[in-house]
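Visitor: Based on what follows, work out the 3D shape:
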Amino acid sequence: MKDIEQLAIRAAPGGIVLGVKVVPGASRDKVVGVLGDVLKIATSAPAEKGRANAAVARMLAAALGTDRRRVELVSGPTNPRKEFRVAGLTAEQVRRRLAR
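Guide: Model (predicted):
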């Protein structure tokens, strides 16, 4: 993935917080890439009743090779720009895992 170093990843107790731009209702689920300082993720899930947020959390967990229970939405539940906390990983580990 290009521009991985531009991601704004900040340390949080027990892990990191990562900014994400979510595109709900896409034709397929995909980690699109880096958009400015956030990770852009498209999901086929609709933006209703938290479905897109849950789908993005699952996709983040899979992309980072971690358990879904370690990924938690911390801000922006109704906004396209969100922040997810990922427990147990450092910023460097996140960048390395997203780069593969």
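Visitor: from here on, contacts and neighbour counts on C-alpha atoms
Guide: Fine.
Visitor: what helices or strands is the longest helix along the chain leaning on?
Guide: What stands out as the longest helix in the chain, according to DSSP state H, is helix 51-64. When contacts are defined as 3 or more C-alpha pairs under 8 Å, 6 or more residues apart in numbering; DSSP states H and E, helix 51-64 sits against strand 71-75, helix 91-99.
Visitor: State which strand of this protein is the longest.
Guide: Across the chain, the longest stretch assigned as strand under DSSP state E is strand 15-23.
Visitor: now that one: how far from the chain's centre is it?
Guide: Relative to its chain's centre, strand 15-23 lies at 4 Å (C-alpha atoms, centre = their mean, to the nearest Å).
Visitor: Give me the contact list for it.
Guide: 7-11, 35, 37-43, 52, 56, 80-91 (C-alpha atoms under 8 Å, 6 or more residues apart in numbering).
Visitor: just checking, next helix/strand downstream of it?
Guide: strand 30-35 (DSSP states H and E).
Visitor: Run through who's touching that next one.
Guide: 1-4, 6-7, 21, 39-43, 59.
Visitor: I'd like these as TSV, with distance to R97 appended.
Guide: Listed next are the contacts of strand 30-35 as TSV, based on distance: C-alpha to C-alpha, whole Å:
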residue	distance to R97
M1	10
K2	13
D3	13
I4	10
Q6	15
L7	13
K21	18
L39	13
K40	15
I41	15
A42	18
T43	20
M59	13
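Visitor: In the sheet, which strands lie alongside the helix or strand where R10 lies, parallel or antiparallel?
Guide: Secondary structure from DSSP H and E places R10 in strand 9-12. If you go by DSSP bridges, strand 9-12 pairs up with strand 15-23 (antiparallel).
Visitor: what angle do the strand it pairs with and strand 71-75 make?
Guide: The directions of strand 15-23 and strand 71-75 differ by 70 degrees, with axes from the mean of the first three to the mean of the last three C-alpha atoms, to 10 degrees as the criterion.
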